[in-house]
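Novice: here is my input, please return the structure:
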Amino acid sequence: RSHRQIMDIVKAHGLNAEGAVSASLEKDEGLRRSIVAGFVDQLGIRRDKGTLECLLTGGRRGTLVRESVIAREEGPELFVTADAREISTRGPKSMTLLGLATAVKMEWLREMFPQHFHSSLEHVYDRSLKRVEAYETARFLDLTLSEKRTSERDPDACGRALAKAARMELLTLPEFNHEVQQFIARVNLVDAILPELEFPVFDENAIEECLARALRGVEIGKKAQAVSLRGAFRKRLTSEQMEWLDELAPMRIPWLDDKSKKLLYAEAARDKKGAVQPPELQIKINECFRWEGDHPSICEGRLRPLFRLQRPNGKKLAETDDWSAFRRRDYPKLKKELKAKFPAIPWP
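Specialist: Sure, this is the predicted structure:
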């Protein structure tokens, strides 16, 4: 029906022969512009002339069908497709086939949709060169049309590129060490237990932001690895919050004979079920018998560290967040075995 309507319109304009109609339609720029206008959100670009692989708007990928008139090596680079369909393959991923493709001229897009063009200076970490590279990138919507390397650098963008590379594990930062990670874990735990104090949470975005701030102006991966990161993370807290942190979530807790024991905080403040994860104290059971009083606590008494009790040889034995109850209830069941294996130690 659509074909008949189009033919009636064409004939009304004096094109009566079938051959003339076909030739006219093939050369008609107006028709092609109309197709572009209708399917501009399906704009694609050939990755290179030696392949049928293409990039589309929306971050999609596809493959031109071999019988397409623009699939030839000398075919156009830009096109719109009116038929993008997914087909299953033997592998785990599906394939998107692109058909009914129409060649597009860049000048048409600039005339018809100037508002969709934009350019930017983008920075990415090149893993092979081990440095930040900058590109002048031109896009139509979100489809990259061209990239040109440039020597121009933006200090903030360099820091963000390195931070992103680190979070994607493309770059190792030795200074993002145990101390920094424990600082992050302590802050997040205080926020989970005492949200009324409004400690600044370290989520993925905040961590990347701190890394970017510390690495501002750095371009070389090797130099980034030598940059101290400690200060950038601590700056998120006020001096008052820093004092609270040491009091509420200390790195060490007092122990016998005026000594202290190191606490190990979990990377995530909550487990997958949403329960708060307390810090852990790895300690040999025979070092605990002189402990008097209640189980140690942090965060104003709202959370008790988990004792990872070990045998005298350092092997795992049990765990508890209430040493007094454990000694009274569970220790008598273990005493005989411990006394037999470690007779040199006095077992009360």
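
Novice: show me where pLDDT drops low in the stretch 1-150 of the chain?
Specialist: Scanning the stretch 1-150 of the chain for pLDDT under 70 picks out 15-27, 73-76, 91-92.

Novice: would you map the helices across it?
Specialist: For the stretch 1-150 of the chain, the helices defined by DSSP state H, counting those that start in this stretch cover 2-12, 18-27, 29-38, 106-112.

Novice: by contact count, what packs against the longest one?
Specialist: So that's helix 2-12. Contacts defined by 3 or more Cβ pairs under 8 Å, 6 or more residues apart in numbering; DSSP states H and E place helix 2-12 against helix 18-27. Heads up, the C-betas are built off the backbone N, CA and C, glycines and all.

Novice: please apply the same query to the shortest one.
Specialist: Judged by 3+ Cβ pairs under 8 Å, 6+ apart, the packing partners of helix 106-112 are helix 29-38.

Novice: now do the helix it packs on: distance to the chain's middle.
Specialist: 40 Å (Cα atoms, centre = their mean, to the nearest Å).

Novice: which residue ranges of the stretch 201-348 of the chain form strands?
Specialist: Remark: strands assigned in the stretch 201-348 of the chain by DSSP state E, counting those that start in this stretch are 252-254, 260-262, 280-284, 306-310, 316-320.

Novice: neighbouring strands of the fourth one in the sheet, and parallel or not?
Specialist: Strand 306-310 sits in its sheet next to strand 280-284 (parallel), strand 316-320 (antiparallel), going by DSSP bridges.

Novice: how about the ones you listed in TSV, adding distance to residue 268 and mean neighbour count?
Specialist: Output for the strands paired with strand 306-310, formatted as TSV (distance: least, Cβ to Cβ, whole Å; neighbours: other Cβ atoms under 10 Å):
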stretch	distance to residue 268	mean neighbour count
strand 280-284	13	17
strand 316-320	18	15
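
Novice: so which of those comes closest to residue 154?
Specialist: Ranking the strands paired with strand 306-310 by proximity to residue 154 (Cβ to Cβ) places strand 280-284 first, at 43.0 Å.

Novice: in JSON lines: the strands of the stretch 201-348 of the chain, plus distance to residue 160.
Specialist: Output for those, formatted as JSON lines (distance: least, Cβ to Cβ, whole Å):
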{"stretch": "strand 252-254", "distance to residue 160": "35"}
{"stretch": "strand 260-262", "distance to residue 160": "34"}
{"stretch": "strand 280-284", "distance to residue 160": "35"}
{"stretch": "strand 306-310", "distance to residue 160": "38"}
{"stretch": "strand 316-320", "distance to residue 160": "42"}
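
Novice: those strands: which one's closest to residue 118?
Specialist: Nearest of the strands of the stretch 201-348 of the chain (Cβ to Cβ): strand 280-284, 50.7 Å.
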